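Chemist: quick one: sequence and predicted model below, then my questions.
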Amino acid sequence: MCKTTEWIQGLFSHRNPRHHIMTFSAILSISYTPQSSIFCTQKSNPLSLKTLLFPPQVGKKLVHQPLRYKGFSPKGDVGKIKASIKWEKGYKKVEISSKEHLAVSLAYDVAQLSNKFTRERGAFTVVLSGGSLIKYLRKLLEPPYIDSIEWSKWHVFWVDERVVPKDNLDSNYKLAYDGFLSKVTIPPVNVYAIDDALAADGAADVYETTLKRLVKSNVIDTSTRGFPKFDLMLLGMGPDGHVASLFPGHPLLKEDKKWVTFIRDSPKPPPERITFTIPVINSSSNIAMVVTGEGKANAVNSALEDHEKTDKLPVELVSPEGEWKWYLDVGAASKLFKE
Ligand SMILES: O=C(O)[C@H](O)[C@@H](O)[C@H](O)[C@H](O)COP(=O)(O)O
């Protein structure tokens, strides 16, 4: 159930001088209640609200003002602002909030999805990233979630992993284990770490074989194109727009057959990694993009604007079959909604 204290909805068109017409539907809310869900459909009366809040003469400028206009302060925890940005497959949902509120909202959404998939499929397949993502899962370790989530139904994977021993400080498995997995009751057999005894190519092959087995036994769903369809993929993004271990300009971005591949020249250390490919990422039922920090503002802006480009950032190749929601802090969102 979506509980929202105040809704402002405006529908508008914006002509991007560099490209062509983009249509945004911006939905702004102020709320202190963690009410959002990737599936949460907000009920409002756009016509009357539009008439009330955006008089007919409203143009581009006013439409871009609400972030400042509503007294949105980068320092104050004023609640969150949402925007739903239209794109060819529906809406990219965007939430902008403080880092603390981001963690609250993310936990709420993950718990909703866990309930849904556990009920519908008897399993919940979750893909983790490395980096700061793990710390944003921290609210799941607190009541009410820690006691109410059916952890035994979770199956945990990594969208990418560094090819290092599991007890190495660089290991994404170690990061997730120390910060999250060791504190919940997911059966160890449902946690799919890489085989750290193998080199990158072997580890990628073995990981793909594991995925194939789990697709066959219906633990992992399948997309119409025959790729594994994970229930929820939790992605981070680098300042250069990389996702998983798919980096700008790298040939791996074009991989369209393999499910899992490897890289030996990652520009972000350590150099050897395995990674899911773009078609696997795009087959997801839900993608949650968790992006914080001003250093990522340009890449965020690029990814959320809908104009045509030839040289796309990795994040701009993400185009999930299912739902797509962005969780941004004020820094990462600082270049959005600007003239
Ligand atoms: O193994 C990795 O390096 C990560 O999986 C990587 O893709 C990460 O998710 C992004 O770089 C964002 O990391 P931050 O959130 O820490 O910036």
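Modeler: Nice, I can see it.
Chemist: okay, the residue in the stretch 51-200 of the chain that the ligand sits nearest to: pLDDT?
Modeler: Residue nearest to the ligand within the stretch 51-200 of the chain (CB to the nearest ligand atom): residue 131, separated by 2.4 Å. Just so you know, the C-beta spots here come from the backbone N, C-alpha and C atoms, and that holds for glycine as well. Looking at residue 131, its pLDDT is 96.
Chemist: show me where the stretch 51-200 of the chain has strands.
Modeler: For the stretch 51-200 of the chain, applying DSSP state E, counting those that start in this stretch gives strands covering 81-87, 90-97, 124-128, 154-158, 160-162.
Chemist: could I get the ones you listed as CSV with mean pLDDT, distance to residue 252 and mean neighbour count?
Modeler: Converted to CSV, those look like this (pLDDT from 0 to 100; distance: least, CB to CB, whole Å; neighbours: other CB atoms under 10 Å):
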stretch, mean pLDDT, distance to residue 252, mean neighbour count
strand 81-87, 76, 24, 20
strand 90-97, 88, 24, 21
strand 124-128, 98, 17, 25
strand 154-158, 98, 16, 22
strand 160-162, 98, 11, 29
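Chemist: run a quick neighbour tally on the closest residue to the ligand within the stretch 151-300 of the chain.
Modeler: Residue of the stretch 151-300 of the chain nearest the ligand, by CB to the nearest ligand atom: residue 236 (2.8 Å). By other CB atoms under 10 Å, 22 other residues sit near residue 236.
Chemist: quick check, it in contact with residue 128.
Modeler: No - at 9.4 Å, residue 236 and residue 128 do not qualify as touching, with contact defined as CB atoms under 8 Å.
Chemist: up against the ligand, what does the stretch 151-300 of the chain have?
Modeler: Residues of the stretch 151-300 of the chain lying near the ligand by CB under 6 Å from any ligand atom: 160, 162, 172, 236-238, 242, 244, 268.
Chemist: now, which of these sits nearest residue 145?
Modeler: residue 236 (20.8 Å; CB to CB).
Chemist: if I pick that closest one, what's in contact with it?
Modeler: Residues in contact with residue 236 (CB atoms under 8 Å, 6 or more residues apart in numbering) are 129-133, 243, 289-291.
Chemist: of these - the most surrounded one?
Modeler: residue 243 (29 neighbours).
Chemist: so it touches residue 235, yeah?
Modeler: Yes - Residue 243 lies in contact with residue 235 (CB under 8 Å); the separation is 5.3 Å.
Chemist: which neighbours do these two have in common?
Modeler: Common neighbours of residue 243 and residue 235 (CB under 8 Å, 6+ apart) are 129, 159, 281, 318.
Chemist: ramachandran angles for the residue of the stretch 151-300 of the chain closest to the ligand?
Modeler: Note on residue 236: backbone dihedrals following degrees, to the nearest 10 are phi -100, psi 180.
Chemist: how about residue 186?
Modeler: For residue 186, the backbone dihedrals (degrees, to the nearest 10) come out as phi -70, psi 130.
Chemist: any idea how far it is from residue 179?
Modeler: 14 Å (CB to CB, to the nearest Å).
Chemist: compare these two (neighbour count), which wins?
Modeler: Per other CB under 10 Å, whichever of residue 186 and residue 179 has more neighbours is residue 186, with 20 against 15.
Chemist: name the helices or strands packed onto the one helix or strand residue 303 maps to?
Modeler: Counting by DSSP states H and E, the element that carries residue 303 is helix 297-304. Here helix 297-304 touches strand 323-329, going by 3 or more CB pairs under 8 Å, 6 or more residues apart in numbering; DSSP states H and E.
Chemist: and the strand it packs on with strand 81-87, angle?
Modeler: 140 degrees (axes from the mean of the first three to the mean of the last three CA atoms, to 10 degrees).
Chemist: ok, strand 323-329: who's next to it in the sheet?
Modeler: strand 90-97 (parallel), strand 286-291 (parallel) (DSSP bridges).
Chemist: right, and those strands - which one's nearest residue 254?
Modeler: Nearest to residue 254 among these is strand 286-291; the distance by CB to CB comes to 20.2 Å.
Chemist: what sits up against that closest one?
Modeler: With CB under 8 Å, 6+ apart, strand 286-291 has contacts from 38, 102, 106, 109-110, 113, 132-133, 136, 231-237, 281, 300, 315, 318, 320, 322-329, 332.
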